[in-house]
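> this is the structure alone, sequence omitted:
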């Protein structure tokens with residue numbers, strides 16, 4: 001098959017998969033559906049997405065995060081599209097902000113476990129990047145049937161209010177708008193913000209609604225008198241602004257954001273951008289349909305980084321990892337990327353692409369240290385099947401060298417941005433700055449797969465264990481039984497390694513098209529540039 005035909009096949013495969021994802025995303029953005037949206041309109045309310053659109057500065061894009069949260073996770077509850085809350089980054093009043101908007105069309109905006117996780121991720125991004133945060137509150141509170149999975153633990157509901165306090169102490173602006181229900185513990189979120197406004201007639205905030213008040217103390221009172229806009233702006237003083245409608249409320253937020261004072265920045269190096277050498281659309285031609293096949297990551301990078309900006313670090317050494325300095329949309333970055341081609345080591349040995357060897361890990365660790373020394377943000381491009389195994393690698397100290405790289409990634413203090421292009425398996429996920437290693441932002445292409453190991457390796461390993469266990473009991477295992485077992489494991493892995501499975505659980509911030517990678521990285525660096533605090537880089541004990 002010719003190279004051109006292969007590229008055409010690759011492109012057709014990725015385009016088909018991308019279209020499937022885009023169709024599903026369109027459905028996710030409908031939230032609870034048209035009927036629920038119409039109910040909100042009849043109450044005089046806008047939907048969450050309509051609110052976000054009106055809030056943004058005219059003509060400014062919204063970079064949504066966590067759209068796939070909750071996907072296929074709650075079938076018995078009827079689903080929870082986008083986790084029942086919209087989060088993302090956009091410009092409001094000329095300032096880049098984090099926006100959090102409850103979607104009342106999804107279970108009246110009730111909080112599922114994934115809702116809390118998504119809110120906490122939004123706050124984490126706000127804290128790490130010193131981004132102002134805007135809460136558009138419209139929620140019935142905790143989804144009671146799952147309260148044990150959302151209420152008491154460290155990373156549960158209460159952590160959100162703890163973060164409110166921490167963010168306030170750090171001077172991160174927080175503005176909240178009560179645009180619908182805001183009950184029980186959720187009432188603390190807007191009131192712990194710097195400023196809170198409430199929409200007359202639709203907004204309400206109280207620790208207990210009228211029914212619970214009646215049951216608890218026998219008092220008869222309606223919700224508007226208990227905690228409506230007039231009550232809280234003229235009697236209790238709980239909220240600061242009384243708004244006649246959603247539109248006025250959103251315009252007021254934008255006006256307040258436009259009056260914020262100056263903000264210190266990290267001043268990361270940026271010059272005028274150059275277009276990439278290759279059109280970003282070429283990436284779909286290059287990534288094979290079969291994730292096990294090799295391709296040239298250098299060619300992929302040519303569709304992302306600024307033309308002629310790459311200065312490769314230790315090019316001839318540890319060639320299964322590419323390291324070097326580059327620019328992306330003018331921003332100076334350090335790149336660490338898995339090379340998927342089979343390459344020849346300095347000893348003349350052939351090395352498998354996508355695998356991290358001792359020399360590659362050693363090189364990457366040193367390069368990461370250099371980037372921290374120079375205050376240069378890091379961008380990781382993952383397509384990794386793990387660290388090299390076998391006698392030669394173990395005797396050569398692969399664990400020691402791998403630990404050195406993981407240590408450097410873990411202790412890195414400059415902003416880290418991760419793009420999962422293909423495989424993300426085992427400890428390779430960790431070394432290449434997976435979610436556990438605090439990337440400021442982490443995105444995945446539709447071709448991404450995340451697991452402790454590849455499906456083929458996992459199924460064969462589990463089959464060996466199963467066969468050994470049965471034979472130990474004196475049972476015979478037929479070839480047909482083996483094939484059934486392999487199919488069951490492979491089917492399970494196929495589902496769990498799908499990028500949508502990862503995005504549903506917020507292992508990644510979003511599924512993006514390869515051609516929008518450059519823009520996403522640039523906006524991520526713009527966000528990171530808002531935080532001037534970069535702690536001193538220290539690694540502790542590293543075996544050499």
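It's in. Computed from a predicted structure; not experimentally measured. Numbering: from 1, shown residues only.
> mind showing which ranges of the chain have poor pLDDT?
Scanning the chain for pLDDT under 70 picks out the ranges 1-6, 543-544.
> farthest residue from the center of it?
Using C-alpha atoms, centre = their mean, the residue of the chain lying farthest from its centre is residue 474. It sits 48.6 Å away.
> where's it, which helix or strand?
Assigned by DSSP states H and E, residue 474 falls within no helix or strand.
> how about it, phi and psi?
As for residue 474, its main-chain torsions (degrees, to the nearest 10) stand at phi 90, psi 10.
> count the neighbours of the closest residue to residue 191 other than its chain neighbours for me.
Leaving out its chain neighbours, the residue that sits closest to residue 191 by C-beta to C-beta, 6 or more residues apart in numbering is residue 238, at 6.0 Å. Using the backbone N, CA and C atoms, a C-beta is placed for each residue, glycine as well. If you count neighbours by other C-beta atoms under 10 Å, residue 238 ends up with 17.
> kindly report the same for residue 63.
Quick note: residue 63 (other C-beta under 10 Å) scores 20 neighbours.
> likewise for residue 42?
The burial count for residue 42: 8, using other C-beta under 10 Å.
> what residues sit buried inside the longest helix seen in the chain?
When the chain is parsed with DSSP state H, its longest helix is helix 3-28. Within helix 3-28, the residues that qualify as buried are 6-7, 10-11, 13-14, 17-18, 21, 25, 28, counting by 16 or more other C-beta atoms under 10 Å.
> same deal with stretch 178-197?
For stretch 178-197, by 16+ other C-beta under 10 Å, it's 178-184, 186-197.
> what's the span of that stretch, first residue to last?
For stretch 178-197, the separation between the terminal residues is 6 Å (C-alpha to C-alpha, to the nearest Å).
> could you do stretch 440-451 as well?
Across stretch 440-451, first to last residue, C-alpha to C-alpha, it's 21 Å.
> likewise stretch 424-436?
End-to-end distance for stretch 424-436, by C-alpha to C-alpha: 13 Å.
> what's that stretch in contact with?
If you take C-beta atoms under 8 Å, 6 or more residues apart in numbering as the criterion, stretch 424-436 is touched by 336, 338, 356, 361, 364, 378, 380, 382-387, 402, 405-406, 409, 416, 418, 437, 439, 442, 448-454, 507-508.
> return the subset of these lying in strands.
336, 338, 356, 378, 380, 382-384, 386-387, 416, 418, 442, 449-451 (DSSP state E).
> among the residues you listed, which one has the most neighbours?
Among those, the one with the most neighbours (other C-beta under 10 Å) is residue 384, at 30 neighbours.
> tell me which element the nearest residue to that one once chain neighbours are set aside falls in.
Take residue 384 and drop its neighbours on the chain: the residue closest to it by C-beta to C-beta, 6+ apart is residue 428, 3.4 Å away. Using DSSP H and E, residue 428 falls within helix 426-431.
> now residue 278: how far from residue 300?
The gap separating residue 278 from residue 300 is 9 Å, by C-beta to C-beta, to the nearest Å.
> swap that for residue 323, sorry
15 Å.
> more neighbours, those two?
residue 300 (27 against 24).
> that one in helix, strand or coil?
helix (DSSP: H, G, I helix; E, B strand; the rest coil).
> need the strands for the stretch 51-200 of the chain, in chain order.
Ranges of strands in the stretch 51-200 of the chain, per DSSP state E, counting those that start in this stretch, are 63-65, 85-92, 95-102, 133-139, 174-182, 195-199.
> can I get those strands in JSON lines with distance to residue 346?
JSON lines is the format used below for the strands of the stretch 51-200 of the chain (distance: least, C-beta to C-beta, whole Å):
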{"stretch": "strand 63-65", "distance to residue 346": "42"}
{"stretch": "strand 85-92", "distance to residue 346": "43"}
{"stretch": "strand 95-102", "distance to residue 346": "45"}
{"stretch": "strand 133-139", "distance to residue 346": "49"}
{"stretch": "strand 174-182", "distance to residue 346": "53"}
{"stretch": "strand 195-199", "distance to residue 346": "61"}
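> so what's the residue nearest to residue 191 up against?
Residue 238 sits in contact with 191, 196, 205, 232, where contact means C-beta under 8 Å, 6+ apart.
> find the nearest non-adjacent residue to residue 522, please.
Once flanking residues are discounted, residue 522 sits nearest to residue 329: 3.7 Å by C-beta to C-beta, 6+ apart.
> what of residue 389?
Closest to residue 389 by C-beta to C-beta, 6+ apart is residue 398, at 7.6 Å.
> ok, the one you found touching residue 388?
Yes - using C-beta atoms under 8 Å, residue 398 is in contact with residue 388, at 5.9 Å.
> common neighbours of those two, please.
Contacts common to residue 398 and residue 388, judged by C-beta under 8 Å, 6+ apart, are 357-358.
> the strands in the stretch 251-400 of the chain, which residues?
Secondary structure of the stretch 251-400 of the chain (DSSP E, counting those that start in this stretch): strands at 311-312, 321-328, 331-338, 343-344, 350-351, 355-356, 378-384, 386-387.
> in CSV: these, plus distance to residue 502.
Shown next, in CSV, are these (distance: least, C-beta to C-beta, whole Å):
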stretch, distance to residue 502
strand 311-312, 30
strand 321-328, 23
strand 331-338, 18
strand 343-344, 28
strand 350-351, 28
strand 355-356, 21
strand 378-384, 12
strand 386-387, 17
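> can you tell which of those is closest to residue 512?
Residue 512 lies closest to strand 378-384 among the strands of the stretch 251-400 of the chain, at 12.9 Å (C-beta to C-beta).
> measure how that closest one sits relative to strand 331-338, angle-wise.
Angle between the axes of strand 378-384 and strand 331-338 is 20 degrees (criterion: axes from the mean of the first three to the mean of the last three C-alpha atoms, to 10 degrees).
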